[in-house]
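In: quick check, what structure comes out for this input:
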Amino acid sequence: MGIQEDRTGKPATVVVIGNKSVDTDRVGLPDEEDAPDLEITTFVPKWRTVLVGVVFLVGLIIVACLPVESTEARAGVVIATTAIFWCTEAMPLAITALVPSILFPLVGTMSAATVSKLYWNDISMLMLGTFMMAQAVESCGLHRRIALGILSLLGRSEALLLLGTILVTWKQSMFLSNTATTAMMLPIIGAIIDSLRQIQFEIEHGTEMAGTTISREELAKRDDPAFTWFCKGLILAIPYGASMGGIATLTGTPPNLVFASVFASEFPDAPVVDYNKWISFAYPISFLIMIIGWHVLVLMYARQSYVDLMKKLINLIIRKPTEETKSEIKWRKVNAEIRKRFRALGPMCFGEVVLIFIVVLLVLLWLLREPAGIEGWAQVHLDTITADTLTEFGSGGTSVVYLNDSWTVLTLSLLLFIIPKENPFKAAGFLFAAPPGKKLHRSDKMLDMATVMAKTPWDVIVLLGGGYALASGCKESQLSAWLGQSFDFLKGQPSVVIALVISLLVAMLTEVASNTASTTLLMPILASISRELEMNPLYLMAVGTISASLAFCLPSATGPNALVFSFKEIKVLDMLRTGVFMNVLSVLVVVLGMSTWGSSILGIDGTFPDWAKSTIST
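Out: Numbers count the residues shown, from 1 in each chain. Below you'll find the model as predicted:
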């Protein structure tokens with residue numbers, strides 16, 4: 001475990017794998033007494049430092065040798081340099097994202113002023129607002145209450161505990177960052193595993209040992225192979241659920257935002273893919289992948305429990321009485337421990353109630369901003385301030401959208417800096433009205449600037465900006481069009497086959513590179529491939545975006561995957577063994593979803609749309 005002092009002087013825990021680091025204080029790791037110790041070794045190979053200088057030197061030599069008119073080749077050198085740094089992590093990902101701002105002006109692709117403007121736009125504002133909302137959720141502890149509440153309902157057997165773990169992580173990662181969700185769940189599951197060990201010890205040694213406290217290390221030595229095997233599946237359910245949940249919402253994971261930004265940039269006249277449209281398309285895919293993931297985990301790590309669960313359901317249907325087994329007695333005790341932790345949280349505080357209201361309001365406003373078939377509140381607002389309408393928006397029109405998803409989340413996030421955490425009228429028993437003659441007592445606000453500055457992952461926002469710069473460089477230099485032509489051999493193939501090829505390629509790439517970096521590199525290329533094959537760009541770009549989140553095999557693929565290696569029970573082979581099945585089955589679900597309800601929701605009818613034809617250079 002690496003310990004360093006943060007800016008407040010408080011020791012901060014930093015988990016590092018390869019060149020990836022996750023500050024568990026920043027993402028909101030709960031302070032659980034029984035949380036497992038994070039013991040991860042830091043590896044910083046010297047060859048990566050040398051690689052930075054070598055790649056830069058070789059890149060400059062190649063650019064110097066290229067003719068002035070070779071704009072595609074010059075841009076290709078910049079993108080190849082950035083890709084090498086991203087894949088090898090020779091430098092931090094966010095620092096690598098600044099490379100295009102240095103090299104594109106140097107090779108003559110874009111001016112420094114032009115490329116600098118690409119690093120911040122409305123998608124960046126949307127991400128900032130989402131981060132602030134998530135920080136408020138973590139600050140008031142609402143995420144922990146939701147997790148323990150669901151686990152208390154489902155923690156009644158190995159199979160149901162696996163379902164509860166993956167379900168809680170999946171649901172929360174739709175709105176919190178995947179890494180923050182994983183960091184929050186790890187100590188909870190660690191405490192549950194310790195409780196299971198204690199209860200197992202008491203069952204094996206009889207009632208005379210009941211209540212005896214044994215150290216975690218001593219209990220771990222007594223684990224039987226079956227229990228250790230089950231713990232592996234329980235721990236893996238956390239990063240898998242986090243990756244699956246991020247798919248469901250437009251703000252759930254950075255690759256989704258990269259897609260939205262690049263798509264709007266490449267096809268300005270195309271229909272807007274907003275929060276409402278994305279969740280209608282991606283939520284069913286995410287849900288199916290989550291259910292399949294649970295079945296993969298339970299059949300690999302708790303098969304007998306799954307069989308017992310099915311038998312119990314059948315007996316319940318036919319109303320056949322059954323006796324309580326030894327396993328059921330053990331899990332009754334485990335569930336009692338989870339319920340005890342849930343009750344220890346006490347009643348919901350004022351801040352949690354207000355935050356639930358704000359989050360529900362945010363989701364409703366996102367869904368109803370521009371719903372299909374009816375007039376949304378954004379249209380009503382536009383009608384009150386201008387004669388323009390949104391009827392032609394997304395169909396070649398030029399109407400301006402004044403209020404979008406980023407405006408919504410930023411407006412509600414601003415309220416968090418005003419609303420207090422505690423009920424200001426508590427002394428007089430009032431909730432929302434000030435009593436006569438009573439003064440409001442002072443309280444900390446739901447969110448403060450110090451928290452935002454300390455916990456906002458600014459590196460992710462910079463990384464996103466680097467993606468916009470790369471996409472724009474590909475487009476300006478015509479490199480994306482040249483790359484698209486190299487996939488001409490796919491022309492004439494069924495769209496399902498093309499989507500399957502793209503999905504598999506992206507899923508394999510994202511195992512060795514950051515999913516955000518993979519999406520950033522591939523989105524403009526997929527846009528050009530769509531033009532070359534005369535396919536609706538949404539088909540391939542949406543498939544590629546979701547596939548970038550299907551990183552289940554290697555610890556280096558995502559932050560959640562790296563974090564679970566804080567448990568000694570998990571080995572790389574365990575993740576690889578399970579992840580291969582997850583990747584293949586998930587790719588099939590993505591292609592199935594896009595080929596059925598996805599095409600209908602996104603308006604894909606098998607033709608090459610006019611808004612895509614208008615972007616082809618003649």
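
In: use CA for all of it now, contacts and neighbours both
Out: Will do.

In: residues of stretch 139-154 that come out buried?
Out: For stretch 139-154, burial by neighbour count (16 or more other Cα atoms under 10 Å) applies to 139-145, 147-152, 154.

In: cool, and stretch 593-605?
Out: Judged by neighbour count (16+ other Cα under 10 Å), stretch 593-605 contains these buried residues: Gly593, Met594, Ser595, Trp597, Gly598, Ser599, Leu602, Ile604.

In: do stretch 462-478 as well
Out: Neighbour count says stretch 462-478 has 462-475, 477-478 buried, by 16+ other Cα under 10 Å.

In: how about stretch 327-341?
Out: Judged by neighbour count (16+ other Cα under 10 Å), stretch 327-341 contains these buried residues: Lys330, Trp331, Lys333, Val334, Asn335, Glu337, Ile338, Arg339, Arg341.

In: surely Ser243 and Ala551 touch.
Out: Yes: shown here, Ser243 and Ala551 form a contact pair, counting by Cα atoms under 8 Å, at 7.5 Å.

In: about what we covered before: could you identify the most distant pair in the buried residues of stretch 593-605?
Out: The most widely separated members of the buried residues of stretch 593-605, counting by Cα to Cα, are Gly593 and Ile604 (12.5 Å).

In: that older thread, can you say which two of the buried residues of stretch 139-154 are spatially most distant?
Out: Longest distance between any two of the buried residues of stretch 139-154 is 25.7 Å, between Ser139 and Leu154; criterion Cα to Cα.

In: pick out whichever of the buried residues of stretch 593-605 sits closest to Leu362.
Out: Leu602 (22.7 Å).

In: where does that closest one fall, phi/psi-wise?
Out: Backbone torsions for Leu602, taken as degrees, to the nearest 10, come to phi -90, psi 0.

In: so what pLDDT did it get?
Out: Reading off the per-residue confidence, Leu602 sits at a pLDDT of 88.

In: three-state assignment of the residue nearest to Pro321 when sequence neighbours are not counted?
Out: Sequence neighbours aside, Asn315 is the residue nearest to Pro321 in space, at 7.2 Å (criterion: Cα to Cα, 6 or more residues apart in numbering). The assignment at Asn315 comes out as helix when based on DSSP: H, G, I helix; E, B strand; the rest coil.

In: so Asn315 makes contact with Leu309?
Out: No: contact criterion Cα under 8 Å: Asn315 and Leu309 do not qualify, at 9.9 Å.

In: those two: which is more packed in?
Out: Looking at Asn315 and Leu309 with other Cα atoms under 10 Å, you find the greater number of neighbours at Leu309, namely 16 against 13.

In: what ranges do the helices span in the stretch 401-550 of the chain?
Out: Chain-ordered helices for the stretch 401-550 of the chain, with DSSP state H, counting those that start in this stretch as the definition, fall at 405-415, 449-455, 458-477, 479-485, 495-509, 515-533, 537-547.

In: reformat the ones you listed as TSV; add distance to Arg303.
Out: As requested, those are arranged in TSV below (distance: least, Cα to Cα, whole Å):
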stretch	distance to Arg303
helix 405-415	43
helix 449-455	40
helix 458-477	39
helix 479-485	46
helix 495-509	28
helix 515-533	32
helix 537-547	28
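
In: look up how far Gly155 lies from the residue nearest to Pro321.
Out: Here Asn315 is placed at a distance of 20 Å from Gly155 (Cα to Cα, to the nearest Å).

In: just Phe175 next, same as before
Out: Phe175 sits 24 Å away from Gly155, taking Cα to Cα as the criterion.

In: ok, Ile338 next?
Out: Ile338 is 8 Å from Gly155, by Cα to Cα.

In: Leu470 too?
Out: When Cα to Cα is the yardstick, Leu470 and Gly155 sit 46 Å from each other.

In: what does Thr322 give?
Out: Thr322 is 20 Å from Gly155, by Cα to Cα.

In: more neighbours: the two, which one.
Out: Set side by side, Thr322 and Gly155 show unequal neighbour counts under other Cα under 10 Å, the larger going to Gly155 at 25 against 9.

In: what does that one show for phi and psi?
Out: For Gly155, the backbone dihedrals are phi -80, psi 70 (criterion: degrees, to the nearest 10).

In: not counting its neighbours along the chain, what's nearest it?
Out: Take Gly155 and drop its neighbours on the chain: the residue closest to it by Cα to Cα, 6+ apart is Leu161, 4.4 Å away.

In: I figured that neighbour was touching Leu151, is that so?
Out: Yes: counting by Cα under 8 Å, Leu161 sits close enough to Leu151 to count as a contact (6.9 Å).

In: now Cys474: how far from Thr545?
Out: Computed with Cα to Cα, the distance linking Cys474 and Thr545 is 18 Å.

In: list the contacts of the residue nearest to Val462 when sequence neighbours are not counted.
Out: Once its chain neighbours are removed from consideration, Val462 has its nearest residue in Ala94; the separation is 5.7 Å (Cα to Cα, 6+ apart). With Cα atoms under 8 Å, 6 or more residues apart in numbering as the criterion, the residues that contact Ala94 are Asp459, Val460, Val462, Leu463.

In: separation between Ala94 and Met449?
Out: Note on Ala94: its distance to Met449, by Cα to Cα, is 22 Å.

In: returning to what we had before: any idea of the pLDDT on the residue nearest to Pro321?
Out: Confidence at Asn315, expressed as pLDDT, is 79.

In: do the one 3 residues further on as well
Out: The pLDDT attached to Ile318 in the predicted structure is 80.

In: identify the residue spatially nearest to Arg369, adjacent ones excluded.
Out: Looking at Arg369 with Cα to Cα, 6+ apart, the closest residue is Gly376, at 4.9 Å.

In: revised request: answer the last question for Gly76.
Out: In space, Gly76 comes closest to Leu479 once its chain neighbours are excluded; the distance is 6.9 Å by Cα to Cα, 6+ apart.

In: so how far is Ser495 from the nearest residue to Val460 once chain neighbours are set aside?
Out: Spatial nearest neighbour of Val460, excluding adjacent residues (Cα to Cα, 6+ apart): Ala94 at 6.8 Å. Between Ala94 and Ser495 the computed distance is 35 Å (Cα to Cα).

In: could you do Leu299 as well?
Out: In this structure, Leu299 lies at 33 Å from Ser495, with Cα to Cα as the measure.

In: which of the two has more neighbours?
Out: Neighbours were tallied for Leu299 and for Ser495 using other Cα under 10 Å; the higher tally belongs to Ser495 (19 against 16).

In: what pLDDT does Ile247 get?
Out: The confidence metric pLDDT takes the value 92 at Ile247.

In: hmm, I typed the wrong one, I wanted Leu98.
Out: For Leu98, the pLDDT comes out at 89.

In: and it, its phi and psi?
Out: Main-chain torsions, Leu98, degrees, to the nearest 10: phi -80, psi -10.

In: let me see the ranges of the helices in the stretch 101-250 of the chain.
Out: Going by DSSP H, counting those that start in this stretch, the stretch 101-250 of the chain shows helices at 112-117, 122-140, 142-154, 158-172, 178-205, 216-221, 225-248.

In: what's next to the first one, contact-wise?
Out: Counting by Cα under 8 Å, 6+ apart, helix 112-117 makes contact with Pro100, Ser101, Ile102, Phe104, Pro105, Ala469, all of which sit outside it.

In: change it to 6 Å
Out: In this structure, residues lying in contact with helix 112-117 by Cα atoms under 6 Å, 6 or more residues apart in numbering are Ser101, Pro105.
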